[in-house]
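J.: Predicted model, plus sequence, below.
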Amino acid sequence: GAVVSQHPSWVICKSGTSVKIECRSLDFQATTMFWYRQFPKQSLMLMATSNEGSKATYEQGVEKDKFLINHASLTLSTLTVTSAHPEDSSFYICSARDWGQTLYEQYFGPGTRLTVT
Amino acid sequence: AQSVTQLGSHVSVSEGALVLLRCNYSSSVPPYLFWYVQYPNQGLQLLLKYTSAATLVKGINGFEAEFKKSETSFHLTKPSAHMSDAAEYFCAVGGNEKLTFGTGTRLTIIP
């Protein structure tokens, strides 16, 4: 149980285009989902927290207009990187929390590697 | 605010030897502490968690960690390393409904 999927697992896009990454909770309802960014050989940095049906809460320094997050249902959250640039290339990981779980316990997706050329 | 410090960005141990990965935390409230493992190009898998119950926590794959309040530590151990343990390990502390991760420790197993 508690499986989180991400799609796509990797994507290459051209500079200036937008790309959407999906995060799905497959066997539970995720009231809260989190989006992280991980640079090579570095730790995970939280980008934003999204609660189903409400606007995402972004961490300081994360551009809201560049990283659009939508959490329209209890099983799906999307991250759209708009007008992507090479510096946006990174490994993006989502996680989800079941409403019945311990407050801080999160289940992680397998990640999406974005390369912007 | 919560934070974690992982001592040693790289740790190498021989196969069959003891694994010890260090984590110290800072928290203004009783902490929730986690250890996650990440294999290359994959997400994070929960190894174990401390949520104010038993101070010695047993996890998957033979790992365990001991919560020591006096030392503000939550070190991860495994008695006998296996080649499949080679991965990146992250300690994390929960606070304000979020997780704050350490910088990670890359574990290498020497055959």
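T.: The structure has been received and is ready for your questions.
J.: mind showing which ranges of chain B have poor pLDDT?
T.: B:96 (pLDDT under 70).
J.: The most centrally placed residue in it: which element?
T.: Among the residues of chain B, the one closest to the centroid is B:Trp35, at 3.7 Å (Cα atoms, centre = their mean). Under the criterion of DSSP states H and E, B:Trp35 resides in strand B:32-38.
J.: Tell me the strands beside that strand, with direction?
T.: strand B:44-50 (antiparallel), strand B:87-95 (antiparallel) (DSSP bridges).
J.: can you redo those strands as CSV with mean neighbour count?
T.: From N, CA and C alone the C-beta is placed, and that goes for glycine too. Listed next are the strands paired with strand B:32-38 as CSV, based on neighbours: other Cβ atoms under 10 Å in any protein chain shown:
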stretch, mean neighbour count
strand B:44-50, 21
strand B:87-95, 23
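J.: Dump those strands into a markdown table; add distance to A:Tyr58 as well.
T.: Converted to a markdown table, the strands paired with strand B:32-38 look like this (distance: least, Cβ to Cβ, whole Å):
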| stretch | distance to A:Tyr58 |
| --- | --- |
| strand B:44-50 | 21 |
| strand B:87-95 | 18 |
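J.: for the spatially most central residue of chain A, helix, strand, or coil?
T.: Central residue of chain A (Cα atoms, centre = their mean): A:Trp35, 3.5 Å from the mean position. Three-state assignment for A:Trp35 (DSSP: H, G, I helix; E, B strand; the rest coil): strand.
J.: doesn't A:Tyr92 make contact with it?
T.: Yes: between A:Trp35 and A:Tyr92 there is a contact under Cβ atoms under 8 Å: 6.7 Å.
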